[in-house]
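Visitor: Below is the sequence, then the predicted model.
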Amino acid sequence: MTPPKRLLATHATKSVGPLTGIRVLDMTRVLAGPFCTMLLGDLGAEVIKVEHPARGDDTRAWGPPFKLYEKQVGAIEGVTSKGGLYRQPPLFKGESAYYLCANRNKHSIAIDIKVQQGRQVILDLAKESDVFVENYVPGKLAEYGLGYEDMKKVNPKLIYASITGYGSSGPYANKPGYDTIIEAEAGLMHITGEANGPPVKVGVAVTDVTTGIYAHSAILAALLSRVKSNVGQHLDVSLMQTQATVLANIASSYLVGGKEGSRLGSSHPSIVPYQVFPTKDGSICIGAGNDKQYKIFTDAISRPDLLENPKYATNADRVQNRDELVALITEALSDWKTDDLVSRLEGSGMPFGPVNTIKQTFEHPQLVARQVVKEVEHPFAGILKLVGPAVEYSTSEVGVRLPPPMLGQHTDDVLRRVLNYSDDQIESVVRSGGAILYDYNI
Amino acid sequence: MFSTRIIPRTTRFRTPLVSHRYQSTVAPTTPAGKTLGPLSGIRVLDMTRVLAGPFCTMLLGDLGAEVIKVEHPARGDDTRAWGPPFKLYEKEVAAIEGSAYYLCANRNKQSIAVDMKIKEGRQVILDLAKESDVFVENYVPGKLAEYGLGYEDLKRVNPKLIYASITGYGSFGPYANKPGYDTIIEAEAGLMHITGEANGPPVKVGVAVTDVTTGIYAHSAILAALLSRVKSNVGQHLDVSLMQTQATVLANIASSYLIGGKEGSRLGSSHPSIVPYQVFPTKDGSICIGAGNDKQYKIFTDAINRPDLLENPKYATNADRVQNRDELVALITEALSIWKTDDLVSKLEGSGMPFGPVNNIKQTFEHPQLVARKVVKEVEHPFAGTLKLVGPAVEYSSSHVGVRLPPPMLGQHTEQVLRSILNYSDEQLETTVRSGGAVLYDYNLPAQDAFDLPSQ
């Protein structure tokens, strides 16, 4: 079978993504790295995820929750099994929701880099790839002969992106990176939480995710650079530097204005009321940004007294008498059910929003109308619901093409199709333990 | 209030300006041996304001693009007035002071003061769109189309233009016309529900994280569209919104619900299935302990001289610790309350157990790692002196990516842009200015090359 050509120049149709024809070799694990390569896959790149043969990506085991299998995984011994070089795949409880959120649009190969032939597979693939992404502790892959200098030798056009906790140089470079720890070290926890409460972390690993998004954009920038320069380069992306960037105006207030950050709960430092209030059955965020909007608010909740009182007439007054007014509004809203309040305020001209649970978020009419949740068929776990790409492109095809792969599901296919390995070469690699073939019977 | 000169002098500039846009050439090298930025030669016309949009275009500027920021002649970007804190001017100028908020998201841009309510002002925008590669805006959907500056309008003058719209909720759907506020959308899209103490109210993130992440995502969509255009040779319309970005950032929390039916909840700083993995108060601050497994827990109890916290069978394994969480957390809280943060950090450093002090913003930027990596950059502002800004987050081994220009004064580059990019004659300039379509502010500064490189 002749190997398919890599698309280098095509006409724009809705079936072609910005990265169609680009191949990404992915040695990342957990969240930041896989999120990055998933976004590249969304844009049409072919992403080859290298996984340790026994366990694969750590997150495969992170649950509950798991999506349980609806079909039996793997072949039936002696009936449908391929035998020979093939093995029964390792079984997990199901597909973990954690693994599923960050691994669509990828092919998985089971390779052991501790074995020489396994490393050779990686080098051979690097020659055929445009992008290489890894998140090992700095220097680790170089020990295996898979560092940037090694890869650059076999493929000078390769873009090599390293995602780490703290960066590839500096006193903390060898410290493993954990989102929670870095949220603490890099200022985010200090400014998140109630004013009179302890620092808290963000409810999702936001530093991991944002680093993944930033890393994928750096790779896109390097690909653009390569169009002109025709060479690759090494990208150094870290959770800590991304986190420092995300501090935005809070960083600036300190660096430029000498003003330290602090926790404010859900309040605004210079506008009242602009915060969350509990309702009878939940919470709502009120954003009365100016005096006009405040009047709309007090009218809507039938509390003209909260406006007529000179202590609350202008924003400056309200800021001055913040605690008092917040207590009064809290009392006033405690009578209201969230839905009734939402109906009352809808279209009034005052910004507001209910504090939605995750369920309510994905039932939000706007996200439903925009079909943000995508469904994809998984070979064993049935229909999966995933959050689709965030950006709509009018011309390019961007979306969910493949379900998150089973561990080592595509080893054979990649070795043959991308590397043109013969039967003998495949047998040699497998017998050495460098690659494992799992018999999924699909 | 502003001193304006209506009739421009033709000999105003000290050096002749050549607008160089690299279409397809080998990228020249900079003195430091790096190639010019990935986006050098790309021009971005920027009609965004506040945070998400300007953050996006700032990132494009960091990558070497020429960014032209269109501002309302009287007020400019709203954030210019958002302070304190302000960086006060060291040299005299009659203008709005530079707020720290404005300064954080507007480096590497030139500012032109153009009023799109005036026909000649709109014509400037259309003329610039023809000379640009990217157009970014964050008006309520349909607003710019009313002014003849919608996607279809600009596509007609420049089919290769990439037009990115950044909105609160997206360009279509029942909420499309609702203005987007980071705090409100953190509430509506699940982030507040999962942030805060378990027995406390929902809180917002301490920075407008949805705004910033949307800015980052938008800039990457623009890069993807530029890559697409290399092959296709046409532009397209990009629809980026705070709400959809926020839904994406929910990552595994979203997945737990969508796939596993498991609702999210607030956990403070704790981990749902590992104990201890959370923040504890110290004598003089807070510290985050991450004893991810039994081995690391032993390291921890040894370090704080509390072997009893390990020997007790109630806390021996992680499963035990999770079971007896409240009790153990209280004991550890008591144990750590006698430690100063710095002493605890010294004790745990290099021990093999993940941990980190809860740093305030000052401590963050004094963190040895951020200092070693020179994350804070200094740039000279023509009036406000030396500014400290957080530099680009990614290090590129070949491409030059960095802070080239300080955030501009309002309308600082109007004349320069109209002359050098649009080749407006004296007469055209005068007509535009007299109509009110553009306003010239006299800052008494030399013309600035968009491709100025820092001296280091």
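Guide: Arrived safely, thanks for sending. Numbers count the residues shown, from 1 in each chain, chains lettered A, B, ... in the order given.
Visitor: how many other residues sit next to A:Ser432?
Guide: Here the count is done by other C-beta atoms under 10 Å in any protein chain shown, and A:Ser432 has 14 residues near it. All C-beta atoms are positioned from the backbone trio N, CA, C, and that covers glycine.
Visitor: Pull the helix or strand containing A:Ala316 out as CSV, backbone CA atoms only.
Guide: Using DSSP states H and E, A:Ala316 maps to helix A:315-320. Coordinates of each C-alpha in helix A:315-320 appear next as CSV, following Å, rounded to 0.1, in the frame of the first residue of the first chain:
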residue,chain,number,x,y,z
ASN,A,315,-21.6,54.8,43.6
ALA,A,316,-19.2,56.7,45.8
ASP,A,317,-21.7,56.7,48.6
ARG,A,318,-22.4,53.0,48.1
VAL,A,319,-18.7,52.2,48.3
GLN,A,320,-18.4,54.3,51.4
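Visitor: what sits up against that helix?
Guide: Taking contacts as C-beta atoms under 8 Å, 6 or more residues apart in numbering or on different chains, the residues outside helix A:315-320 that touch it are A:Ser270, A:Ile271, A:Val272, A:Pro273, A:Asn290, A:Asp291, A:Tyr294, A:Pro310, A:Lys311, A:Tyr312, A:Leu325.
Visitor: The second one reaches A:Ile286, doesn't it?
Guide: No - judged on C-beta atoms under 8 Å, A:Ile271 makes no contact with A:Ile286 at a distance of 10.5 Å.
Visitor: So these two - more neighbours on which side?
Guide: With other C-beta under 10 Å as the criterion, A:Ile271 and A:Ile286 differ in neighbour count, and A:Ile286 comes out ahead with 27 against 18.
Visitor: So is the longest helix seen in chain A next to chain B?
Guide: Taking residue count as the measure and DSSP state H as the definition, the longest helix of chain A comes out as helix A:206-229. Yes - Helix A:206-229 lies within reach of chain B by C-beta under 8 Å from any C-beta of the partner chain, at A:206, A:208-210, A:213-218, A:220-225, A:227-229.
Visitor: circling back: what is the nearest of the contacts of helix A:315-320 to chain B?
Guide: Chain B has its nearest neighbour among those in A:Ser270, at 8.7 Å by C-beta to the nearest C-beta.
Visitor: Can you tell me the number of residues neighbouring the closest one?
Guide: 12.
Visitor: Could I get the pLDDT score of it?
Guide: Here the pLDDT value assigned to A:Ser270 is 85.
Visitor: which SS class is it?
Guide: Per DSSP: H, G, I helix; E, B strand; the rest coil, the secondary structure class of A:Ser270 is coil.
Visitor: Check the one 5 residues further on too.
Guide: Look at A:Gln275: counting by three-state DSSP, its state is strand.
Visitor: quick check: domain ranges of chain A?
Guide: Using automatic domain parsing, the domains assigned to chain A come out as A:5-245+A:371-438, A:274-355.
Visitor: Tabulate the ones you listed in JSON lines, adding columns for mean pLDDT.
Guide: Formatted as JSON lines, the entries for these read as follows, by pLDDT from 0 to 100:
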{"stretch": "domain A:5-245+A:371-438", "mean pLDDT": "92"}
{"stretch": "domain A:274-355", "mean pLDDT": "95"}
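Visitor: Tell me which stretches of the stretch 201-350 of chain A form strands.
Guide: For the stretch 201-350 of chain A, applying DSSP state E, counting those that start in this stretch gives strands covering A:233-238, A:274-278, A:283-287.
Visitor: Deepest in the core, which of those strands is it.
Guide: When you average the neighbours per residue for each of the strands of the stretch 201-350 of chain A (mean count of other C-beta atoms under 10 Å in any protein chain shown), strand A:233-238 leads with a mean of 26.
Visitor: Show me what that strand is packed against.
Guide: Applying 3 or more C-beta pairs under 8 Å, 6 or more residues apart in numbering or on different chains; DSSP states H and E, one finds that strand A:233-238 contacts strand A:159-164, helix A:206-229, strand B:395-396.
Visitor: so what's the closest residue in space to A:Gln117 that isn't next to it in sequence up against?
Guide: Closest residue to A:Gln117 in three dimensions, ignoring its sequence neighbours and counting by C-beta to C-beta, 6 or more residues apart in numbering or on different chains: A:Gly434, at 3.3 Å. Applying C-beta under 8 Å, 6+ apart, one finds that A:Gly434 lies in contact with A:Ile111, A:Asp112, A:Val115, A:Gln116, A:Gln117, A:Gly118, A:Arg119, A:Gln120, A:Val121.
Visitor: Relative to A:Asn103, which of those residues is nearest.
Guide: When these are ranked by distance to A:Asn103 (C-beta to C-beta), A:Ile111 comes first, at 16.4 Å.
Visitor: which ones are touching that closest one?
Guide: Shown in contact with A:Ile111 (C-beta under 8 Å, 6+ apart): A:Val50, A:Glu51, A:Pro53, A:Gly118, A:Val121, A:Ile122, A:Thr411, A:Gly434, A:Ala435, A:Ile436.
Visitor: Then A:Asp58?
Guide: Neighbour list for A:Asp58: A:Arg29, A:Val30 [criterion: C-beta under 8 Å, 6+ apart].
Visitor: Among the contacts of A:Ile111, give me the pair with the biggest separation.
Guide: Longest distance between any two of the contacts of A:Ile111 is 14.3 Å, between A:Ile122 and A:Ile436; criterion C-beta to C-beta.
Visitor: Excluding chain neighbours, what is closest to A:Val121?
Guide: If you skip the residues right next to it in sequence, A:Val121 has A:Ile111 as its closest partner in space, 5.5 Å away by C-beta to C-beta, 6+ apart.
Visitor: same question, A:Arg303
Guide: Excluding the flanking residues, the one nearest A:Arg303 by C-beta to C-beta, 6+ apart is A:Ala332, at 5.4 Å.
Visitor: Could you report the separation of A:Pro65 from A:Pro34?
Guide: Counting by C-beta to C-beta, to the nearest Å, the gap between A:Pro65 and A:Pro34 amounts to 18 Å.
Visitor: The two: which is more packed in?
Guide: Taking A:Pro65 and A:Pro34 together and counting by other C-beta under 10 Å, A:Pro34 has the greater number of neighbours (29 against 21).
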